[in-house]
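Asks: sequence first, then the predicted structure, then my questions.
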Amino acid sequence: MARPAFRRVGRATEVERPRLTHLDRDRAHVEAAQVDPSRFDTLYRKYVAQVYSYAVYELGNHHDAEDATERTFLSALRALPRFEERAQPADGEGASTFRVWLFRIARHEIAQGRRQRRRHPEAPIEAAGLAADPLDLEGGAVRRDEVTAAWRAIDRLPDDRRRALILRFVDEMSTAEIAGVLGRSEGAVRVLIHRALRHVADDLGRDGR
């Protein structure tokens, strides 16, 4: 049995308790897939809909979104042996650094897809109209023209504001997770979301006049 460690504080001797390791909710699945890549399927099934949804709202085209989603998971599978969990107690219970890492890959693949795309994409608002309205602006179903106006306003946002809004309301990520995906501080993410919502509200107000 391991003996507890001691450290001297002044004249007193104090037991140094072991630090608790914060549990990443995907740790078991990641470790299993690192040993046996065929078990990556569990992570794929868990996150494929979220990644695809993010890609649709970013690219505005279902075919391109499918391609970006496929490339994201292929890239993640290849890079999985190098993945390092970075969960911290401040992230809260149920945090997943794998999810943040996966969405960073998705963000890169979506950017690559934009550069490589050679045909005119489907209008983003047409694709968004096929999905649920994430803002739920009136607490329930809204008329199609209102959905169209809202998504047109969102599509006009600067890139980081649009991404922050999509990750928050479509993929339901926490501020900490969005910060990890975008490479920003949590405070900066809160500002992005606040400004994005205010911009959309102002835009809808102008359209309604």
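Replies: Thanks, I have it.
Asks: give me the neighbour count for the nearest residue to Ala188 once chain neighbours are set aside.
Replies: Among residues not flanking Ala188 along the chain, Ala179 sits closest, at 7.3 Å (Cβ to Cβ, 6 or more residues apart in numbering). Just so you know, the C-beta spots here come from the backbone N, C-alpha and C atoms, and that holds for glycine as well. Ala179 has 21 neighbours, counted by other Cβ atoms under 10 Å.
Asks: Ala179 touches Leu192, doesn't it?
Replies: No. Assessed by Cβ atoms under 8 Å, Ala179 is found out of contact with Leu192, at 9.8 Å.
Asks: rewinding a little: residues making contact with whichever helix or strand the residue nearest to Ala188 is part of?
Replies: Taking DSSP states H and E as the criterion, Ala179 maps to helix 175-182. With Cβ atoms under 8 Å, 6 or more residues apart in numbering as the test, helix 175-182 has contacts from 90-92, 95-97, 99-101, 103-104, 107, 160, 163-164, 167-168, 173, 184-186, 188-190, 192-193.
Asks: can we see that at 6 Å?
Replies: Applying Cβ atoms under 6 Å, 6 or more residues apart in numbering, the contact partners of helix 175-182 are 91, 100, 103-104, 164, 167, 186, 189.
Asks: show me the two of these that sit farthest apart.
Replies: Asp91 and Ala164 (18.1 Å; Cβ to Cβ).
Asks: the two: who's more crowded?
Replies: Neighbours were counted for Asp91 and for Ala164 using other Cβ under 10 Å; Ala164 has more, 29 against 18.
Asks: excluding its backbone neighbours, what's nearest that one?
Replies: Leaving aside its chain neighbours, Ala164 sits nearest to Leu192 (4.1 Å; criterion: Cβ to Cβ, 6+ apart).
Asks: the one you found: which element?
Replies: Here Leu192 sits within helix 186-208, counting by DSSP H and E.
Asks: show me what that helix is packed up against.
Replies: helix 144-155, helix 159-169, helix 175-182 (3 or more Cβ pairs under 6 Å, 6 or more residues apart in numbering; DSSP states H and E).
Asks: show me the one of these that comes nearest Phe83.
Replies: Of all the helices and strands packed on helix 186-208, helix 175-182 sits nearest to Phe83, with 13.4 Å by Cβ to Cβ.
Asks: report the angle between the axes of the closest one and helix 159-169?
Replies: For helix 175-182 against helix 159-169, the angle by axes from the mean of the first three to the mean of the last three Cα atoms, to 10 degrees is 140 degrees.
Asks: could you check the angle helix 186-208 makes with helix 175-182?
Replies: Using the same axes, to 10 degrees: helix 175-182 against helix 186-208 is 90 degrees.
Asks: returning to that earlier point: which of the contacts of helix 175-182 has the most neighbours?
Replies: Highest neighbour count within these: Ala164, with 29 neighbours (other Cβ under 10 Å).
Asks: ok, it to Pro37 distance?
Replies: Shown here: Ala164 relative to Pro37, a distance of 33 Å by Cβ to Cβ, to the nearest Å.
Asks: same question for Ala65.
Replies: Distance, Ala65 to Pro37, by Cβ to Cβ: 24 Å.
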